[in-house]
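Asker: Model the following, please.
(one chain, ligands or ions: 3)
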Amino acid sequence: MPAILESQNKVQKISILGATGSIGQSTIDVVSRHSGQFKVFALTANRNLELLLAQAKACQPEYVVVADETCYKQAKQLFSQANLHCEVLVGQEGLIQVASATDVDIVMAAIVGAAGLLPTLAAAKSGKKVLLANKESLVMSGDLFIQAANDNNAQLLPIDSEHNAIFQCLPVDYKYGDLASSGISKILLTGSGGPFLNTPLTDLSSVTPEQACAHPNWDMGKKISVDSATMMNKGLEFIEARYLFGLKAQDIEVVLHPQSIIHSMVQYVDGSVIAQMGNPDMRTPIAHALAYPERIESGVKPLDFSTLANFSFSQPESARFPNLDLAIQASKAGQYATTVLNAANEISVQAFLQGQIGFTQIAQVNQECLQQTSSHVLDSIDAVIASDQAARACTQNIIKGFNFQSIKDAS
Ligand SMILES: NC(=O)C1=CN([C@@H]2O[C@H](COP(=O)(O)OP(=O)(O)OC[C@H]3O[C@@H](n4cnc5c(N)ncnc54)[C@H](OP(=O)(O)O)[C@@H]3O)[C@@H](O)[C@H]2O)C=CC1
Ligand SMILES: CC(=O)[C@@H](O)[C@H](O)COP(=O)(O)O
Ligand SMILES: [Mn+2]
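Answerer: Ligands and ions are numbered 1, 2, ... in the order given. The predicted structure follows:
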């Protein structure tokens, strides 16, 4: 058999980082539909050992990774009781090991937040096919990350639905950062506006975490759900798109599309607009990236145009979504600002979910942290991590100064 066909037929081994999360579970679903094509090498969780055990029973990985020594002891016991013989690894070292192991072909990077940076980068540095869901790693380390992927011939495929859509709408010979040669005039980044698109502005300060996490179209983890509600998610995606496709800030327009059927569009100079559409189900971009450049079945219901409601489009209001403007400003300011904003936002979203601050204070805290940070150069991953840590400490201090309880009591 010619070598090229042999390599196409080889079963590809995949490490799923963040397997117990929303993207991780959807990935396992798609991979399980194609067991002749993909084999799970490793599954990782933070602390959800019960789900990890169930997934390991179904996928029979060679490795699992858990948060720390306590989880390690519990996992060892659970796995041996279940007669599962996979090796249990721990923490960042374990994550990096399964992301860069020689046997691994594909890494699904689906840990949430900055915790995903080093394992995702390790996959890129090891020249893997990297399926990138963890947008925060690009937001923090954009140029360094893209450079590492290029230097090591890693194949970076976007999982974020908008970026996967843009990737599908770009010409196959698109040259990084060169819109003009492909006759592209603009990238239209769509966003739903989240659960509070039509909520009176005066009610936003008292919305609850439960309401903020109830996304109208997508079933996602809590952090990204809150980000969708503040539109910080679209801000992070604006930054992610710039690094993934080499775009200038003015190349991107954010368009509200509350139905989440169009996942983003590319506008060409001749007036054509190419859109990627589908039901809002992450198994589509996951299947697309897993099999790229081929197509495989994903389990997603086909779009039924006879039942689709109207499509609508509008511009996001700054007063409703201050986090979106903050992220665009940070993107223009540079890598230090996007790293600081990402860290501040992780802390402020967590504080909101824990009832320490109100919904509208998320953006206030983020803005305050950016204002307290002076411009600095991030020319190494160590510098990125130091900047992330400093911004987290700064944000914690800002939150201590807020008195949310008195605001709640007064209302
Ligand atoms: N959900 C979606 O539809 C989309 C998600 N994304 C991006 O994908 C990523 C994952 O999102 P989502 O699946 O929704 O998130 P979830 O919160 O559902 O899942 C997060 C996963 O990461 C693990 N995890 C959390 N903290 C750590 C840590 N400190 N170290 C190691 N592992 C950790 C969790 O483990 P445990 O379960 O044990 O806590 C879980 O497996 C995010 O970056 C998000 O922005 C992008 C587009 C769409
Ligand atoms: C599924 C996905 O990619 C999410 O990032 C989604 O985009 C969230 O919806 P919003 O458009 O409301 O941010
Ligand atoms: Mn998205």
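Asker: from what I can see Gln37 touches Val11, true?
Answerer: Yes - with contacts counted by C-beta atoms under 8 Å, Gln37 reaches Val11, the gap being 6.6 Å. In short, each C-beta sits where N, CA and C put it, glycine included.
Asker: Tell me which of these two has more neighbours.
Answerer: Taking neighbours as other C-beta atoms under 10 Å, Gln37 and Val11 compare with Gln37 leading, 16 against 12.
Asker: Now do the buried residues in stretch 89-105.
Answerer: Leu89, Val90, Gly94, Leu95, Ile96, Gln97, Val98, Ala99, Ser100, Ala101, Val104, Asp105 (16 or more other C-beta atoms under 10 Å).
Asker: okay if I get these as CSV plus distance to ligand 3 and pLDDT?
Answerer: Below are these laid out as CSV (distance: C-beta to the ion, whole Å; pLDDT from 0 to 100):
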residue, distance to ligand 3, pLDDT
Leu89, 30, 98
Val90, 31, 98
Gly94, 28, 98
Leu95, 23, 98
Ile96, 26, 98
Gln97, 29, 98
Val98, 25, 99
Ala99, 22, 99
Ser100, 26, 98
Ala101, 29, 98
Val104, 25, 98
Asp105, 25, 98
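Asker: Looking at those, which are in strands?
Answerer: Leu89, Val90 (DSSP state E).
Asker: of all the buried residues of stretch 89-105, which two lie farthest apart?
Answerer: Pairwise distances across those peak at 23.9 Å for Val90 and Asp105 (criterion: C-beta to C-beta).
Asker: can you give me the helices for the stretch 1-150 of the chain?
Answerer: Counting by DSSP state H, counting those that start in this stretch, the stretch 1-150 of the chain has helices at residues 3-9, 22-32, 49-59, 69-81, 91-100, 117-125, 135-151.
Asker: Out of those, which one sits most buried?
Answerer: Each of the helices of the stretch 1-150 of the chain was scored by mean neighbour count; the highest is helix 117-125, a mean of 26, by mean count of other C-beta atoms under 10 Å.
Asker: chain center to it, what's the gap?
Answerer: 14 Å (C-alpha atoms, centre = their mean, to the nearest Å).
Asker: Check stretch 319-333 too.
Answerer: The mean C-alpha position of stretch 319-333 is separated from the chain mean by 18 Å, C-alpha atoms, centre = their mean.
Asker: Phi and psi next, for whichever residue of the stretch 301-411 of the chain sits closest to ligand 2.
Answerer: Proximity to ligand 2, evaluated over the stretch 301-411 of the chain using C-beta to the nearest ligand atom, is greatest for Leu324 at 9.9 Å. With angles defined as degrees, to the nearest 10, Leu324 sits at phi -60, psi -50.
Asker: And the pLDDT for Leu308?
Answerer: Looking at Leu308, its pLDDT reads 89.
Asker: Now it: closest residue in space that isn't a chain neighbour?
Answerer: Ile261 (6.7 Å; C-beta to C-beta, 6 or more residues apart in numbering).
Asker: where does the stretch 201-350 of the chain have low pLDDT?
Answerer: Scanning the stretch 201-350 of the chain for pLDDT under 70 picks out no residues.
Asker: Enumerate the residues of it near ligand 1.
Answerer: Trp218, Met220, Gly221, Lys223, Ile224, Met282 (C-beta under 6 Å from any ligand atom).
Asker: where exactly do the strands run in the stretch 151-300 of the chain?
Answerer: 155-158, 184-191, 252-256, 262-268, 273-277 (DSSP state E, counting those that start in this stretch).
Asker: Present those strands as JSON lines; the columns should include mean neighbour count and distance to ligand 2.
Answerer: Formatted as JSON lines, these follow (neighbours: other C-beta atoms under 10 Å; distance: least, C-beta to the nearest ligand atom, whole Å):
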{"stretch": "strand 155-158", "mean neighbour count": "20", "distance to ligand 2": "10"}
{"stretch": "strand 184-191", "mean neighbour count": "22", "distance to ligand 2": "4"}
{"stretch": "strand 252-256", "mean neighbour count": "18", "distance to ligand 2": "9"}
{"stretch": "strand 262-268", "mean neighbour count": "22", "distance to ligand 2": "7"}
{"stretch": "strand 273-277", "mean neighbour count": "17", "distance to ligand 2": "12"}
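Asker: ok, back up a step: let me know which of the helices of the stretch 1-150 of the chain is the nearest to ligand 1.
Answerer: Short answer: helix 22-32, nearest of those by C-beta to the nearest ligand atom, at 3.6 Å.
Asker: Just the C-alpha atoms of that closest one, please, in PDB.
Answerer: Extracted in PDB, the C-alpha atoms of helix 22-32 (Å, rounded to 0.1, in the frame of the first residue of the first chain):
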ATOM      1  CA  SER A  22     -18.700  19.900  28.000                       C
ATOM      2  CA  ILE A  23     -16.200  19.800  25.100                       C
ATOM      3  CA  GLY A  24     -14.500  16.700  26.400                       C
ATOM      4  CA  GLN A  25     -17.800  14.800  26.600                       C
ATOM      5  CA  SER A  26     -18.800  15.800  23.100                       C
ATOM      6  CA  THR A  27     -15.300  14.700  21.900                       C
ATOM      7  CA  ILE A  28     -15.700  11.300  23.400                       C
ATOM      8  CA  ASP A  29     -19.200  11.100  21.800                       C
ATOM      9  CA  VAL A  30     -17.700  11.800  18.300                       C
ATOM     10  CA  VAL A  31     -14.600   9.600  18.800                       C
ATOM     11  CA  SER A  32     -16.800   6.700  19.900                       C
END
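Asker: Check which helices and strands it is in contact with.
Answerer: Packing partners of helix 22-32 (3 or more C-beta pairs under 8 Å, 6 or more residues apart in numbering; DSSP states H and E): strand 12-17, strand 38-44, helix 49-59, strand 106-109, helix 283-291.
Asker: can you list the residues of the stretch 251-400 of the chain near ligand 2?
Answerer: Checking the stretch 251-400 of the chain against ligand 2 by C-beta under 6 Å from any ligand atom, the hits are Met282.
Asker: thought Ser348 was touching Gln356?
Answerer: No - assessed by C-beta under 8 Å, Ser348 is found out of contact with Gln356, at 9.2 Å.
Asker: Could you check which of these two has the larger neighbour count?
Answerer: Using other C-beta under 10 Å, the more surrounded residue of Ser348 and Gln356 is Ser348, with 29 against 15.
Asker: Spit out the contact partners of that one.
Answerer: If you count contacts by C-beta atoms under 8 Å, 6 or more residues apart in numbering, Ser348 has them with Ile357, Gln361, Ile362, Val365, Asn366, Thr395, Ile399.
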